Every structure is written in structure tokens, then in C-alpha cells.
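In: Below are the sequence and a predicted model for it; my questions follow.
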Amino acid sequence: MNVSRRSFLSGAAAITAGAVLAGPAGAAGRRGLSVSGEKFLLDGKPFQIVSGAVHYFRIHPDQWRDRLERLKALGLNTIETYVPWNFHQPKPGRADFGGWRDLPAFIRLAGELGFPVIVRPSPYICAEWEFGGLPAWLLADRDLELRCADPAYLTAVDAWYDQLIPRLAPLEAQHGGPIVAVQIENEYGSYGNDTSYLAHLRDGLRSRGMTSLLFAADGASDFFLRFGSLPGTFEAGTGDGDPAPSLAALKTFQPGQPVLMAEYWDGWFDHWGDQHNTRDPAQLASYVDSLLATGASINLYMACGGTNFGFTAGANTSGTTYQPTVTSYDYDSPVGEAGDLGAKFTALRPVLTRYTGVSAPVPARSARLVARTLAPSGSVPLLDSLDVLSKPVRSAQPVPMERLGQATGLIHYRTTVQGPHSGPLSIHGLADRALVFVDGSPLGVLDRNRPSGTLDLKLTKPSTRLDILVDAMGRVNYGPYLADRKGIDGWVAMSTQQKLFGWEIRPLPLDDLSGLRFGSGGAAGPAFHRFTTDIAAPEDGFVALPGWEKGVVWLNGFNLGRYWTIGPQRTLYAPKPLWRKGTNSIVVLELHEPGTTIELRPEADLG
Ligand code: GLA
């Protein structure tokens, strides 16, 4: 795994694995999954795992059944999901398992459809998800060290597991439920070397009642595998491309054990400003066939696409170049973001069904909204709406949003500067993109990827209002730069060295827009624009914003995610369950200049 997060399609991309064995109850005869020599057993019988990843947190719950049925039609015999900690516990304290967050309901549903379920509840999941699933509030404590045996981190993990694991344990196969295997951490070997942390997680699962097969999964080199594995715990691999070298490496690392590619990447995700990633369906089908022909087991990552709704997309960074992930998590999966079954589904289905014997009818494509164009019915500038969106906090210095209990969204900083004066304005510790205004007029944009960038300040009056609106994109979800505090985690300076003091700071999580007062005219600069449209029958649709630059879209109060003219993604998925029969409201926050209209479309355009 490389830090820049390019996948390797070449055959050289490999996995290896380390260490041994099954769940505590041994092999043949036990319910669920176990290891017997070089085979997996399910309920005591030889079983080749042909699994696919599907993320309940990226799919509206009313569509869970539909997507699982499509995965059945694909020919899978097992389902796998991550559990993002921050989705369930966005604030410390009581975790949320209601509605969309009803993980037990998702697992039971998969079980009803005949799928054994692999759960990956690791406190950290990567997954191109905001902060790799870790809750932003962990970053309020500057001394807390992530993903190791730091006592403050373990205390938070344990408190989360005290709520999560008792909900999972009764769903294990030993109690007649679908859960057959559980991952303890995610590609830990590419992050750290604290085996005592891995042991703590393993013991935490066992002591809270989990008896399933536990495993770790790590990528490519012997180096990563050695540090990611835990003696006595089954080790699986992650990778893509020609599976032969990967399978050979796994066998060498863990001789005499079954081989599991816990993530075989059948597609890939996209970054803003990059190209859209796809993979050749016929080549993929032939690789998957060659993997399964050896008797190895697989989890297709992703089998079913989804959406990084709201502010849930993650990001990557090399340390110098920050790359936020787009809103769609279609991933070029066999079952697409809107459930579409394309060429990859068609190529993989005969291969998978040949190994699993699973046979299920192929569901029809979902019905779509008819294309239409919408003009705004009103607008209101963001800087005029601060009082209805937030309460100000006063601080000598700017502070990042985590210090104010804010997880995601935007954050606004205001101060007064004395003039007359001319010189450069700079922001130190910016994440991720700042729109700067002088007495309400735009001065320019500063960006995290140009840390030495400055704006020319020309102050003619004795007193000038300075507004800085920081747009936080996703927190980093992979690699050593995980602790990605948002907003301004540093200072603002005039003429290189003079720190500006005396700030009014407003968190803008934008989770409630009901207080906005739209005027009938248009508005430039950062502003909310309202649209209404009547829908006779809700169906799946996509929102396109041609001519708009960068912002966020809400449908009936639900945050569909970010758009950005740099692409590659051009449309946002607006799933059927979010539409209403009758009048629907769409709100667009455009940070720059608005276009004239937006469009509803029946098809996605991912670039
Ligand atoms: C790794 C991680 C996954 C995901 C993929 C890339 O394998 O374990 O969570 O980030 O890379 O999509």
C-alpha cells in the first residue's frame, strides 16, 4: 500500500499473510466459520468464501434489501461490511443505532437473504470515509495518540465497544445469527507496530462475547504483514490485479492455512480534480476466476457502490498534497451506486455463480425521474445568515473546529484589523480552503496545498472587518497524517509575522438549515439558493449543477454531499427514498458564483 493511494493494477501487486487459526471453538462441528487445514468450514462443511463488500452507511436503509438482492443475483455467498465508529458516535456518550444506523437490522436482513456476514468493526476502517471512521472528537485531545495502546485512545475505543459489541454478539452464528467472522484492525501493518494494541482489540472482542473467527488483513509487502498480524489470529490479504503473486505470498506467510483476499479491489475511488477510475470487466472476471480456481476465498471490495452523503467523504495526503475524495462511492462496482448492473456485473456473474452455485433472479433497473431544469426561487448570502446558523465563540487566536465540538462542515472566523496598511495576509495551519473577505468583499482564496500562499491586503480605513470562511473537506483516512484538524489550527498573520488576535468564531456544521430566510432575488458569493419542484412519484434521480463552482446540495433537508466543478464527478445521487410525492425542496450552498439553473437527470455522470 502506498501512501499516495494509487492502486496497483500490475501483477506485481501482492499480498502476504502471517500467523494462524480460527475461533476458539475449533473446527469441524462448530457453527459458523472455522479453519480446518487449508480449508474454511461453514457449519462444519468446506466453504469457499465468495463475499462482497456493501456499506449500509452509504446506502439509504429503504434500499438495503434491493442492494442485497442484487448481490445475491451477482452470485455471492457472503456479505461483508465495515462499521464506521463516527457514524454511530458523532459525539462522546450514547451511540446511535436507530434508523439508518440500525446495524443489527442490516445484518439480520442479510441473514434473511441467506448471507453469512463478515463484520469489520475495527475502530479504524480507512474506506475513503471521513477520518477512516474515527470520531472527530478524539482530536480535541492534543495528547491522544490514535491507533495504538495510548490509554486515552483505548478508553474511548473500549467505551464504544461496550455499546457496539453487545449488539453484534447475539447475531453470531453460534446463536443462529449470520455473523461468521470479525476483523480486528484494518491494514494495521501499513500504519504502526503496536502489537499490544492489536491484542487489546482482540481481547476486547472476546471478552465482550464474540466467538467468531477473528482476522487481520494487510496489503502487499512482508514488512506490512509482519506488523499487521497477530500471532494466533488469522491473517488475510488485500490487493488487486493478477492474484497469482498475492496468493503465493499468502501461502508462504501462513503455510497450511486457507487463503483469503479480504479485499480484492474490483474498482477504485476518485479524488476531486483527478480522473474517474474504472477497470476492465473482462480482465477483472478472468483475474477473479483464476483466484477462485485455486480454491482461495475472496471479498470483492466493493461489490456494491454507495454514496459519501453529507460530509462523510474522506481524503488522502502524502503530507504535502492533500486529495479529498469525491461524493460518489460508486467505485466502479458490479452493483453501482444507484443499483445499476453494468458490464462488470455481467462479466462476473457467470464466474461467481459457477463457484457458489447461488442462483437468484436479476432485478430490474430502478425507475428514474424524468429530466427537468430548475431555476432558483430565492437566495440568501451565507455571511448574512451566520446568526441563524450558529452561535459565536470568542477566542484570542483562531482554534480548529474540534476544539469547539464541531466534527464537519465549514467554520467562520471574524476579526477587525487596523489600517491603513498594505501587505500580505497568510494563514498558518489551514485545513482545507479559506475564502477571505474584507468588509464583505471577496479578497481571494487560500488553499492547504499552497501553504505559503498569501493574499494582498490593502487597508485604507482605520478599521476593517476580516472574514475567513474555511471549507473543510474530508479528514484524511489513510497513512501517518490521520490527525487532520479542520479550520485554522495555527494563526493568521499580516505582513508575514504579525499575528492577528481577537476572533469571533462560528462553527457551521450546516445540519439544520431551517432558520434560513430566503429573499426572492439572487445572491453572489457564498450563498444558499432554494429550488422547489413537484414530483408525482418519487424515483431515483441525479442532481447536476452545470455552471456552478463548488458547494453542497440538500434535498428535503438531507445533505446529498459536495459538488465541485473540477470533477470528475458531475452529478449527485438523489435516491428515491429522499424524494416526496408533491413539493420537494432543494437547497444549494454555492461558495463562489452561482449558475443560473440546476438539472435533475435520470443518469449519473461520474466523469
Ligand atoms: C484498503 C483499505 C480499504 C480501502 C481500500 C481502497 O484496502 O483497507 O478500506 O481504503 O484500500 O479503496
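Out: In hand now; what should we look at? Numbers count the residues shown, from 1 in each chain.
In: contacting residues for whichever residue of the stretch 51-200 of the chain sits closest to the ligand?
Out: Residue nearest to the ligand within the stretch 51-200 of the chain (CB to the nearest ligand atom): residue 126, separated by 3.3 Å. Placement of C-beta: from N, CA and C, glycine included. Taking CB atoms under 8 Å, 6 or more residues apart in numbering, we find residue 126 in contact with 132-133, 186-187, 314, 477-478.
In: try 6 Å
Out: 132, 186, 477-478 (CB atoms under 6 Å, 6 or more residues apart in numbering).
In: Near the ligand, which residues of this structure? Just list them.
Out: Proximity of the chain to the ligand is confined to 125-128, 186-187, 238, 263, 269 under the rule CB under 6 Å from any ligand atom.
In: which of the contacts of residue 126 lies closest to residue 298?
Out: Comparing the contacts of residue 126 against residue 298 with CB to CB picks out residue 186 as the nearest, at 17.4 Å.
In: Pull up the per-residue confidence for that closest one.
Out: Looking at residue 186, its pLDDT reads 97.
In: Bridge partners for it, pull those for me.
Out: In this entry, residue 186 is beta-bridged to residue 217, by DSSP bridges.
In: next one: residue 271
Out: Beta-bridge partners of residue 271, as defined by DSSP bridges: residue 325.
In: what about it, how many residues close to it?
Out: The local packing of residue 271 (other CB atoms under 10 Å) involves 20 other residues.
In: what about it, distance to residue 329?
Out: Residue 271 sits 12 Å away from residue 329, taking CB to CB, to the nearest Å as the criterion.
In: now residue 433
Out: Taking CB to CB, one finds residue 433 at 22 Å from residue 329.
In: Give me the more crowded residue out of the two.
Out: Neighbour tally, residue 433 and residue 329, criterion other CB under 10 Å: the higher count belongs to residue 329, 29 against 20.
In: shouldn't the more buried one be in contact with residue 306?
Out: Yes. If you go by CB atoms under 6 Å, residue 329 and residue 306 touch, sitting 4.7 Å apart.
In: Now the common contact residues for the two.
Out: Joint contacts of residue 329 and residue 306 (CB under 6 Å, 6+ apart) are residue 58.
In: does residue 159 belong to a helix or a strand, and which?
Out: Per DSSP states H and E: residue 159 is located in helix 151-168.
In: Can you list the neighbours in contact with that helix?
Out: Contacts of helix 151-168 (CB under 6 Å, 6+ apart): 85, 89, 95, 104, 123, 141, 144, 146, 204, 208.
In: Show me which parts of that helix are buried, residue by residue.
Out: Buried residues in helix 151-168, counted by 16 or more other CB atoms under 10 Å: 153-154, 156-158, 160-161, 164-165, 167-168.
In: give me phi/psi at the closest residue to the ligand within the stretch 451-600 of the chain?
Out: Ranking the residues of the stretch 451-600 of the chain by distance to the ligand (CB to the nearest ligand atom) places residue 478 first, at 6.2 Å. Dihedral angles of residue 478 (phi, psi; degrees, to the nearest 10) stand at phi -150, psi 140.
In: And the helices in the stretch 201-350 of the chain, which stretches?
Out: 222-228, 244-253, 281-293, 343-356 (DSSP state H, counting those that start in this stretch).
In: worst-scoring helix or strand of this structure, pLDDT-wise?
Out: Among the helices and strands of the chain, helix 222-228 carries the lowest confidence by mean pLDDT, DSSP states H and E, at a mean of 82.
In: Remind me what that helix packs against, helices and strands.
Out: strand 213-219 (3 or more CB pairs under 6 Å, 6 or more residues apart in numbering; DSSP states H and E).
In: how about a cut-off of 8 Å?
Out: Where contact means 3 or more CB pairs under 8 Å, 6 or more residues apart in numbering; DSSP states H and E, helix 222-228 is packed against strand 213-219, strand 234-239, helix 244-253.
In: State the mean pLDDT of the shortest one.
Out: In other words, strand 234-239. Mean pLDDT, strand 234-239: 96.
In: same deal with the last one?
Out: Helix 244-253 carries an average pLDDT of 92.
In: what about that helix, distance to the chain center?
Out: 29 Å (CA atoms, centre = their mean, to the nearest Å).
In: tell me the angle of that helix relative to strand 234-239?
Out: Counting by axes from the mean of the first three to the mean of the last three CA atoms, to 10 degrees, helix 244-253 points 160 degrees away from the direction of strand 234-239.
In: on that earlier part again, and the least confident helix or strand of the chain, how far out from the chain's middle?
Out: Using CA atoms, centre = their mean, the offset of helix 222-228 from its chain centre is 25 Å.
In: The residue nearest to residue 49 when sequence neighbours are not counted: what's it in contact with?
Out: Computed as CB to CB, 6 or more residues apart in numbering, the closest residue to residue 49 that is not its neighbour in sequence is residue 297, at 3.6 Å. Applying CB under 8 Å, 6+ apart to residue 297 gives the contacts 40, 48-51, 258-261.
In: for residue 247, same thing?
Out: Here residue 247 is in contact with 15, 259, 261, 291, 294, 296 (CB under 8 Å, 6+ apart).
In: please redo it, this time with the cut-off set to 6 Å
Out: Per CB under 6 Å, 6+ apart, neighbours of residue 247: 259, 294, 296.
In: can you put those residues in a markdown table and add neighbour count, pLDDT and distance to residue 591?
Out: Shown next, in a markdown table, are these (neighbours: other CB atoms under 10 Å; pLDDT from 0 to 100; distance: CB to CB, whole Å):
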| residue | neighbour count | pLDDT | distance to residue 591 |
| --- | --- | --- | --- |
| 259 | 25 | 96 | 48 |
| 294 | 12 | 98 | 51 |
| 296 | 22 | 98 | 48 |
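In: out of those residues, who's nearest residue 537?
Out: Nearest member of the contacts of residue 247 to residue 537, counting by CB to CB, is residue 296, at 45.8 Å.
In: The closest one reaches residue 260, doesn't it?
Out: No. Contact criterion CB under 6 Å: residue 296 and residue 260 do not qualify, at 7.1 Å.
In: give me the number of residues near the nearest residue to residue 90 once chain neighbours are set aside?
Out: Of all residues not flanking residue 90 in the chain, residue 407 sits nearest, at 5.7 Å (CB to CB, 6+ apart). By other CB under 10 Å, the residues close to residue 407 number 22.
In: I'm done for today, thanks for sticking with me.
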